[in-house]
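Novice: no sequence on hand, only this structure:
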């Protein structure tokens, strides 16, 4: 098996689950010392590929131990097997951000071009913290940074927050205490570029136990405008929980499941606010703002066909539609980041295609998801109390 691993596992591939089966015949024929020796060699070989291992000792091996045939059935510490659950994904055991690219270590410097940062030109470990919040609009993410500045009780005026990436016009980055607020633009391509550079940044900064949340807007599906949707699973236009991407001349498919515990934690935060409707549902990710709508420059289907499709989406569990969630979930999952998507619905796409609410109403809607995330962060940091919730509720309603 150890000789065959290089043919089975490619260094640049990503595996959600790797099953290695060692037959009971080997256990029945070999002594404990040989079994341990083989396990040690196999574990070391697997580690070279960065694969997380879930191991269960054979019941036959346990029976031998209980019968006194062998002294112990436990594998030695050097094998370093550990029990884990699927939802923990590729999160490393020390909480560090995991970059699955063997070529990065050989680079003298890693230039993060679109963020105007570099591993040699900037002291990254002192620049970044444990909470990363991303959203499409630079102005919206600056507003969120200012909100966190106020909520965390930071000194000086939050209006003068500095854009860390002011030397580039691609993305905006603001840091408030342990919180990083970053814009990612619109669409899969834009957020994908930002995520690659952000995750490399977090890796070089040696950040631990990072939580990353996309705060955005969306079109609702069968829900009232202003409802905040916490994404359970991001799905594509066929309602499948995967992100499909062409890399070189291969089609690579990656899971889009998000961290279940984080989803429940966010929902529980909202239960303490009682100020706007919040629910958990599937989020459908599209490639274009006008995809599946009647108001684009191009349209080849009827309103009846559109509504039939959207009803199928609703029946499949979809509650909102946006343009970034699948690639966000896929990349964060592969790199061991606990991730969530929290988007407010600006309108119900089963009723209309265009956003017609007044500007001040839309601004208030956008505050809702930001307020939920600010409460989540404050609870994580132990900085919130019930009286503040009442004050914030007044702020949202005025």
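Specialist: Good, I have the coordinates. Keep in mind that this is a model prediction, so the values were computed, not measured.

Novice: and the helices in the stretch 101-250 of the chain, which stretches?
Specialist: 138-151, 188-204 (DSSP state H, counting those that start in this stretch).

Novice: so what's residue 286 closest to, chain neighbours aside?
Specialist: residue 323 (5.7 Å; CB to CB, 6 or more residues apart in numbering). The C-beta positions use only the backbone N, C-alpha and C, and glycine is treated the same way.

Novice: mean pLDDT and distance to residue 110 added to the helices of the stretch 101-250 of the chain, as JSON lines?
Specialist: Below are the helices of the stretch 101-250 of the chain laid out as JSON lines (pLDDT from 0 to 100; distance: least, CB to CB, whole Å):
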{"stretch": "helix 138-151", "mean pLDDT": "92", "distance to residue 110": "24"}
{"stretch": "helix 188-204", "mean pLDDT": "87", "distance to residue 110": "6"}
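
Novice: redo those helices as TSV? Include distance to residue 240.
Specialist: Converted to TSV, those look like this (distance: least, CB to CB, whole Å):
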stretch	distance to residue 240
helix 138-151	30
helix 188-204	15
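
Novice: can you tell which of those helices is closest to residue 233?
Specialist: helix 188-204 (16.7 Å; CB to CB).

Novice: about what we covered before: export the helices of the stretch 101-250 of the chain to JSON lines and tack on mean neighbour count?
Specialist: Output for the helices of the stretch 101-250 of the chain, formatted as JSON lines (neighbours: other CB atoms under 10 Å):
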{"stretch": "helix 138-151", "mean neighbour count": "21"}
{"stretch": "helix 188-204", "mean neighbour count": "21"}
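
Novice: wait, which of those is closest to residue 248?
Specialist: helix 188-204 (15.8 Å).

Novice: what helices and strands are in contact with that closest one?
Specialist: strand 111-112, strand 131-135, helix 325-334 (3 or more CB pairs under 8 Å, 6 or more residues apart in numbering; DSSP states H and E).

Novice: switch the cut-off to 6 Å
Specialist: Here helix 188-204 touches helix 325-334, going by 3 or more CB pairs under 6 Å, 6 or more residues apart in numbering; DSSP states H and E.

Novice: what's the following helix or strand after the helix it packs on?
Specialist: strand 338-348 (DSSP states H and E).

Novice: could you give the angle of that following strand to helix 325-334?
Specialist: 170 degrees (axes from the mean of the first three to the mean of the last three CA atoms, to 10 degrees).

Novice: if you count contacts, what does strand 338-348 end up packed against?
Specialist: strand 211-220, strand 228-235, helix 260-271, strand 318-322, helix 359-381.

Novice: could I get the ones you listed as JSON lines with mean neighbour count and mean pLDDT?
Specialist: Below are those laid out as JSON lines (neighbours: other CB atoms under 10 Å; pLDDT from 0 to 100):
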{"stretch": "strand 211-220", "mean neighbour count": "25", "mean pLDDT": "94"}
{"stretch": "strand 228-235", "mean neighbour count": "26", "mean pLDDT": "96"}
{"stretch": "helix 260-271", "mean neighbour count": "16", "mean pLDDT": "92"}
{"stretch": "strand 318-322", "mean neighbour count": "25", "mean pLDDT": "96"}
{"stretch": "helix 359-381", "mean neighbour count": "19", "mean pLDDT": "93"}
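
Novice: out of those, nearest to residue 108?
Specialist: strand 211-220 (27.9 Å).

Novice: output the below-cut-off pLDDT ranges for the stretch 51-200 of the chain.
Specialist: 51-96, 113, 116, 118-129 (pLDDT under 70).

Novice: mind listing the strands for it?
Specialist: 111-112, 117-118, 131-135, 173-176, 179-183 (DSSP state E, counting those that start in this stretch).

Novice: nearest to residue 245, of those strands?
Specialist: strand 131-135 (19.1 Å).

Novice: pull up the pairing partners for the closest one, direction included.
Specialist: Here strand 131-135 is paired, per DSSP bridges, with strand 179-183 (parallel), strand 211-220 (parallel).

Novice: tabulate those strands (JSON lines), appending distance to residue 281.
Specialist: JSON lines is the format used below for the strands paired with strand 131-135 (distance: least, CB to CB, whole Å):
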{"stretch": "strand 179-183", "distance to residue 281": "25"}
{"stretch": "strand 211-220", "distance to residue 281": "10"}
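
Novice: out of the ones you listed, which is closest to residue 195?
Specialist: The nearest among those, by CB to CB, is strand 211-220 at 8.8 Å.

Novice: what angle do helix 138-151 and that closest one make with each other?
Specialist: Calculated by the same axes, to 10 degrees, strand 211-220 forms an angle of 130 degrees with helix 138-151.
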